[in-house]
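Trainee: sequence and predicted structure, then a few things I'm wondering about:
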There are 2 protein chains.
Amino acid sequence: MSIFEVTIPRRRDALQLDLEDPLRPLRTQFAIPSGLIYLDGNSLGMLPKTAAARVAEVVTKEWGVDLIASWNSNSWFDLPRRVGDKIARLVGARPGELIATDTTSINLYKALSTAMSIATKDSAERRVIVSERSNFPTDLYIAEALCAERGFRLQLVAQEELAAALTKDVAVLMLTHVNYRTGFMHDMAAVTAAAHQAGALVVWDLAHSAGAVPIDLHDADADFAVGCGYKYLNGGPGAPAFVWVHPRYVNRFWQPLAGWWGHAAPFAFAPEYQPGDGIARYLCGTQSILGLAALECGVDSVLAADAFGGAMALRKKSLALSDWFIDLVVHRCSGFGLKLVTPLEHSHRGSHVSFSHPTGAYPIVQALISRKVIGDFRAGSPGGSGSESENIMRFGMTPLYLGFEEIWLAVEQLYQILDSAEWTAPQFSRKQAVT
Amino acid sequence: MSIFEVTIPRRRDALQLDLEDPLRPLRTQFAIPSGLIYLDGNSLGMLPKTAAARVAEVVTKEWGVDLIASWNSNSWFDLPRRVGDKIARLVGARPGELIATDTTSINLYKALSTAMSIATKDSAERRVIVSERSNFPTDLYIAEALCAERGFRLQLVAQEELAAALTKDVAVLMLTHVNYRTGFMHDMAAVTAAAHQAGALVVWDLAHSAGAVPIDLHDADADFAVGCGYKYLNGGPGAPAFVWVHPRYVNRFWQPLAGWWGHAAPFAFAPEYQPGDGIARYLCGTQSILGLAALECGVDSVLAADAFGGAMALRKKSLALSDWFIDLVVHRCSGFGLKLVTPLEHSHRGSHVSFSHPTGAYPIVQALISRKVIGDFRAGSPGGSGSESENIMRFGMTPLYLGFEEIWLAVEQLYQILDSAEWTAPQFSRKQAVT
């Protein structure tokens, strides 16, 4: 590890950092359980207080009283676009270009299959999709299924092999912006430029970056993007996901999940499909109104940062939190076998921090949870190389609601667990499938 | 129309019917707005009172307090199967055969594409999907897209031409059990047998029948089925849908939307897809937990009928309500141009009743809504033949919460609107897209 300037980080330093934190007022938006230190906002964002009231209103009034009229009177029909326009502001998309709908996996299916169609139409010999072996598995599964269906080949490489893999056979490069395990962040603009240089389209999965990392899809000249509503967007469990298509492609092809809500005239009930104009055609079936309502509250909780400097301020705090966390672990937990998996370089670090441990990743996380410090465990890939094969402990540094003192307290708990070897107790060993 | 035995149906007759209705206690499960006569449960079921409390609990406690631990501690991960097992009881499926997930359109994509793969594997020359031109449009759109993708042909015929259309080229017959406009109900067992006789598989859409009409998928020897959660199942706006696959097919093929939740080991995070055993492989991405929680309350509201005779009792009441409705309209509203579109034969009638009107279908529905009688309007298909081209008024006869007096009152309102020609007033004319 590198040399750090702060020599002995103390709790009073944390309190001072919290006092000086310009984003501190945003924390009051959330229902934070007493005594809980929640370092898992990268997996499931916390509950914005507004969401409870809003969902109750949708259930009891919009569904319960207004019933079917709500499609118009309560603008249910506009929700995917309205929420999409709000998410668009967080990822550098323009109004009308992005919709909130379905799941990340299904949106990836739509985006990737469209990208494959465009690439093949433009250049028939391009029949390869390149991705990272360490990409989030569901993305790889969706690509694998589409490749089998269309006679494409899915080529999985290590991150450092990506540039070399961009040969003239490649139709699409499919990447997750921030790696779900390591927290490694790609340079979206540079990677996109390299792919375009090689004649490939790029599909970005923003699941682990949207809401915590500044993203500018237009500035990066990205082609397609999908992302998740329940991580940094705080949309609630299983919140609708989102999909964006660059305007230069959006009207060129159908996406394959051609459902009524993506029709040019959804209420004409015509027997033939006529895709809607623009991103609307990426809608398919009827969406969860409860899910969209909660997601809107979550997105609003992120947009509230606009009054305090917006995405750049969130990023600054996220990096300060993760620097502080890494720094504390270095000072307090050296000699216990922890290894930092997340890049130290800010330009390649997302908003979570991961450590590996030779034997303790799972039980240490369990011991932390028993002390109300919530991180999570992710198993290494059996066939992976390097850090891909390592079991890791993952800690989300959510800038909207985390404070520096909480990080200090979390590392103190970690230190005590390691120093006492408490994590080796039988109750923390792995017994069953881990969620 | 046929001859009816009741000569002058009166309000006191309705009150007597309500008194004698064995299902009357089930009505108390629902939050029924005062003064509203809701004949649109076939489009969006009413709110079960339990759903408001249950959704609030999921939001404030399971999401807000328990957070990520809820995947295990609150059994979020089991919800699609748990709710699926409950729906299974309503459609003659067995435990573990049906899951609640995604949307009807997306589930149809999974089921239909699998059926196409099976049919083609078994007999390569079968490249036609047959459906009704009057089928619900989103079903036709999904089929159209899959046909284009796979080099199949979608053949749309009138209902009376179905038998003749089952030639040796046909891979799959795709039908909706109860027609969304006319309320015509197919004989599921007979149609399935005819399709099997012709060597075709059958995919049934139960959107307008599950929860209101007795269905026995195994008894009918059906191959695939999908259905909707927010109509007669009362799952709330945009509730998750469901999909069922006969066990004889379920492990034969991947469905194309291969996501993490359908993996054999979802938490192993392996880079290669290995489909789960049985219906689990029809899961894809992360599902709306709020949506599933509300849906479970809705399904429970239907299962509550088990204590009162179950599906047969619901069916008996549904037919009694629609007979009563038709009878009243015949007696009170003759001579105003209404024409019954729904079959009089019980064996071919679902749980909603539709009337056409030469010029008034839209404004009459609007005038009824202004008097708090909620039905809906469905436009005829411009290219349709016979009743396919007629604009209709649609009235759902939801047996769980409707009473005979409400039907009597609704028809009285209809009579007043027709007799006074109130519906011709400008405020009821069509101005915009209708939801």
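Mentor: Perfect, I can see it now.
Trainee: low-confidence bits of chain A, can you list those?
Mentor: The model of chain A has pLDDT under 70 over residues A:1-7, A:382-385, A:432-435.
Trainee: any idea which helix is longest in it?
Mentor: Ordering each helix of chain A by length in residues (DSSP state H) puts helix A:310-332 first.
Trainee: for that one, packing partners?
Mentor: Using 3 or more Cβ pairs under 8 Å, 6 or more residues apart in numbering or on different chains; DSSP states H and E as the contact test, the elements touching helix A:310-332 are helix A:11-20, strand A:352-356, helix A:404-419. For the C-beta atoms, the positions are set from N, CA and C on the backbone; glycine is no exception.
Trainee: and the last one, what does it pack against?
Mentor: The contact analysis (3+ Cβ pairs under 8 Å, 6+ apart) places helix A:404-419 against helix A:11-20, strand A:37-38, helix A:310-332, helix A:361-370, strand A:373-374.
Trainee: at 7 Å what do you get?
Mentor: Using 3 or more Cβ pairs under 7 Å, 6 or more residues apart in numbering or on different chains; DSSP states H and E as the contact definition, the elements that helix A:404-419 packs against are helix A:11-20, strand A:37-38, helix A:310-332, helix A:361-370.
Trainee: okay, the ones you listed in CSV with distance to B:Lys110 and mean neighbour count next?
Mentor: As requested, these are arranged in CSV below (distance: least, Cβ to Cβ, whole Å; neighbours: other Cβ atoms under 10 Å in any protein chain shown):
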stretch, distance to B:Lys110, mean neighbour count
helix A:11-20, 49, 14
strand A:37-38, 35, 23
helix A:310-332, 37, 20
helix A:361-370, 34, 22
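Trainee: give me the contacts around the lengthiest strand in chain A.
Mentor: Counting residues, the longest strand found in chain A (DSSP state E) is strand A:170-176. The set of residues external to strand A:170-176 that reach it, using Cβ atoms under 7 Å, 6 or more residues apart in numbering or on different chains, is A:112, A:115-116, A:119-120, A:126-132, A:135-136, A:139, A:143, A:152, A:166, A:186, A:191, A:195, A:198, A:200-205, A:207-208.
Trainee: now do the following helix or strand past it and strand A:170-176, the angle between them.
Mentor: Moving toward the C-terminus from strand A:170-176, the first helix or strand encountered (DSSP states H and E) is helix A:188-197. Between the direction of helix A:188-197 and that of strand A:170-176, the angle (axes from the mean of the first three to the mean of the last three Cα atoms, to 10 degrees) works out to 170 degrees.
Trainee: ok, and for helix A:188-197, which residues are buried?
Mentor: Within helix A:188-197, the residues scored as buried using 16 or more other Cβ atoms under 10 Å in any protein chain shown are A:Met188, A:Val191, A:Thr192, A:Ala194, A:Ala195, A:His196.
Trainee: name the nearest of those relative to chain B.
Mentor: Compare each of these with chain B using Cβ to the nearest Cβ and the shortest gap goes to A:Val191, at 19.9 Å.
Trainee: show me what contacts the closest one?
Mentor: Contacts for A:Val191 were tallied using Cβ under 7 Å, 6+ apart; they are A:Leu175.
Trainee: tell me how many other residues crowd A:Ile149.
Mentor: Slight slip there: residue A:149 is Glu, not Ile. With neighbours defined by other Cβ atoms under 10 Å in any protein chain shown, the count for A:Glu149 comes to 18.
Trainee: with A:Pro275 instead?
Mentor: For A:Pro275, the tally of surrounding residues (other Cβ under 10 Å) stands at 20.
Trainee: for it, which residues are in contact?
Mentor: A:Trp254, A:Ala258, A:Gly262, A:Ala264, A:Arg281.
Trainee: that one bridge partners, please.
Mentor: Beta-bridge partners for A:Pro275, by DSSP bridges, are A:His263.
Trainee: pull the contacting residues for the nearest residue to A:Leu409 once chain neighbours are set aside.
Mentor: Counting by Cβ to Cβ, 6 or more residues apart in numbering or on different chains, A:Ile37 is the residue found nearest to A:Leu409 once chain neighbours are left out, at 6.0 Å. By Cβ under 7 Å, 6+ apart, the contact list for A:Ile37 reads A:Lys372, A:Val373, A:Ile374, A:Glu406, A:Leu409, A:Ala410.
Trainee: are any of the residues you listed buried, and which?
Mentor: Buried members of those, scored by 16+ other Cβ under 10 Å, are A:Val373, A:Ile374, A:Glu406, A:Leu409, A:Ala410.
Trainee: okay, now the residue of the stretch 251-400 of chain A found nearest chain B: neighbour count?
Mentor: The stretch 251-400 of chain A approaches chain B most closely through A:Gly285 (2.7 Å), counting by Cβ to the nearest Cβ. Neighbours of A:Gly285 under the rule other Cβ under 10 Å: 25.
Trainee: one step back: tabulate the CA atom coordinates of the longest helix of chain A in PDB.
Mentor: In PDB, the C-alpha atoms belonging to helix A:310-332 read as follows (Å, rounded to 0.1, in the frame of the first residue of the first chain):
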ATOM      1  CA  GLY A 310     -24.400  17.800  -7.200                       C
ATOM      2  CA  ALA A 311     -22.500  14.900  -8.700                       C
ATOM      3  CA  MET A 312     -19.000  16.400  -8.200                       C
ATOM      4  CA  ALA A 313     -19.700  17.000  -4.500                       C
ATOM      5  CA  LEU A 314     -21.000  13.500  -4.100                       C
ATOM      6  CA  ARG A 315     -17.900  12.100  -5.800                       C
ATOM      7  CA  LYS A 316     -15.600  14.200  -3.700                       C
ATOM      8  CA  LYS A 317     -17.300  12.900  -0.500                       C
ATOM      9  CA  SER A 318     -17.300   9.300  -1.800                       C
ATOM     10  CA  LEU A 319     -13.600   9.500  -2.400                       C
ATOM     11  CA  ALA A 320     -13.000  11.200   0.900                       C
ATOM     12  CA  LEU A 321     -15.000   8.400   2.700                       C
ATOM     13  CA  SER A 322     -13.100   5.600   0.900                       C
ATOM     14  CA  ASP A 323      -9.700   7.300   1.500                       C
ATOM     15  CA  TRP A 324     -10.600   7.600   5.100                       C
ATOM     16  CA  PHE A 325     -11.800   4.000   5.300                       C
ATOM     17  CA  ILE A 326      -8.600   2.700   3.600                       C
ATOM     18  CA  ASP A 327      -6.500   4.900   5.700                       C
ATOM     19  CA  LEU A 328      -8.100   3.700   8.900                       C
ATOM     20  CA  VAL A 329      -7.800   0.000   7.900                       C
ATOM     21  CA  VAL A 330      -4.100   0.500   7.100                       C
ATOM     22  CA  HIS A 331      -3.500   2.100  10.500                       C
ATOM     23  CA  ARG A 332      -5.700  -0.100  12.700                       C
END
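Trainee: any idea how far that helix is from the chain center?
Mentor: Helix A:310-332 has its average C-alpha position 18 Å from the chain's average C-alpha position, going by Cα atoms, centre = their mean, to the nearest Å.
Trainee: this completes my enquiry, with thanks.
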